[in-house]
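Student: Show me how the following folds:
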Amino acid sequence: MPKQIIKKYYKFCIDKINKKPKTRLDNYLIEKLPIIYTRSIIHQIIRLGNVYINKQQIINPKYKLKKKDSLEIYNLYIKTAKFVLKSEQIKINIIYEDEYLLIINKPFNSVVHPGTSNPKGTILNGITFYLEKTKLPLKKPYLANRIDKETSGLILVVTDEKILKNIYKQFTLNLIKKKYIALVNGNLEKKQITIYSNIIRNRNKNYNMAIAKFRGKVCLSTFKVIERLKDITVLKCLLYTGRTHQLRVHLKQLGHPIFNDKKYGGDQILCQKQIINHIIKKNYSNFIALHANSLELIHPIFRNKIKSKSIIPYPIYLLSFIFL
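Tutor: Numbers count the residues shown, from 1 in each chain. Have a look, this model is predicted:
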């Protein structure tokens, strides 16, 4: 989203601060500045050298403030251009729809939401086009959940912000049930296993997610064995919380990463299987054997239960046949 530097001056005199722990500069500014200034924008302001404390330039967002400090800000970044979601004619597989929500079956190697590196050609661009061509031209699509680009399966899209809040509340109360099918490396010995652990973003390893003992968000996943094949296991995965890469991290923790998951070590088996190595690299290099095949929720308006399922994508069927 485009940003523009404007001349704007703020001055604060620190009267009250926390003694233990001491108040950080970025946290203080988040409280004091208007809501338009997000944490990321405030970090940019500080690192550009626009913040002075007691007439000294401070570029560390974690700087600890002291009582009677004089804080001055000279230039601020603000959002000046509103993001416009463009419509594109993209084929989308709709499993369920009404005027309030849609359930889409996303193929692997497709981006859900437009961003800096993917401004067009996403699922949301296609949904916008679909709404414009139907009887709902004034409706705006909101993503209620996302799945990774390399994975496939069901995603939920709503057409109203109030309905989105209702869906988020259902997620919080664990009223929405999400089930996945995964092919993992090796043979999982136990028929069913539940993982309960904290997950944080590991900044030392290309921003991967990692297990932590005392930090991060608590995550809960259950894995049930559907079938054991040669060198691979087919699992049903139940997700109770929604942390980024949760299933991928938990399966790596078990020592059975998802097949072809390069980020978490699931591509190592390719070195042992030359035929699979050839097939995957030629046709499915951006594919992870994880599919969101089931979604259950309570309709925000009609209050009835909606159950949607999608068929297993071809790459997973192909791998299951090869490993028989």
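Student: Buried ones in whichever strand in the chain runs longest, by neighbour count?
Tutor: In the chain, assigned by DSSP state E, the strand with the most residues is strand 217-229. Across strand 217-229, burial judged by 16 or more other Cβ atoms under 10 Å covers 219-225. Just so you know, the C-beta spots here come from the backbone N, C-alpha and C atoms, and that holds for glycine as well.
Student: so where do the strands sit in the stretch 151-300 of the chain?
Tutor: For the stretch 151-300 of the chain, the strands defined by DSSP state E, counting those that start in this stretch occupy 152-158, 177-185, 192-202, 208-212, 217-229, 232-239, 290-298.
Student: by contact count, what packs against the second one?
Tutor: If contacts are counted by 3 or more Cβ pairs under 8 Å, 6 or more residues apart in numbering; DSSP states H and E, strand 177-185 sits against strand 232-239, helix 246-253, strand 290-298, helix 314-322.
Student: cool, and the last one?
Tutor: Counting contacts by 3+ Cβ pairs under 8 Å, 6+ apart, strand 290-298 packs against strand 152-158, helix 161-172, strand 177-185, strand 305-309.
Student: Pairing partners for the first one, with directions?
Tutor: By that I understand strand 152-158. Using DSSP bridges, the strands paired with strand 152-158 are strand 101-106 (antiparallel), strand 142-143 (antiparallel), strand 290-298 (parallel).
Student: any idea of the mean pLDDT in it?
Tutor: For strand 152-158, the mean per-residue pLDDT is 95.
Student: how far away is the residue nearest the centre of the chain from residue 316?
Tutor: Closest residue to the average C-alpha location of the chain: residue 244 at 5.1 Å, with Cα atoms, centre = their mean. For residue 244, the distance to residue 316 equals 22 Å [Cβ to Cβ, to the nearest Å].
Student: now do residue 231
Tutor: The gap separating residue 231 from residue 316 is 15 Å, by Cβ to Cβ.
Student: residue contacts, the nearest residue to residue 257 once chain neighbours are set aside?
Tutor: In space, and not counting its chain neighbours, residue 257 is closest to residue 266: 3.6 Å by Cβ to Cβ, 6 or more residues apart in numbering. By Cβ atoms under 8 Å, 6 or more residues apart in numbering, the contact list for residue 266 reads 184-185, 252, 257-260, 288-289.
Student: Burial check on residue 11, number of neighbours?
Tutor: As a burial measure, residue 11 scores 10 neighbours (other Cβ atoms under 10 Å).
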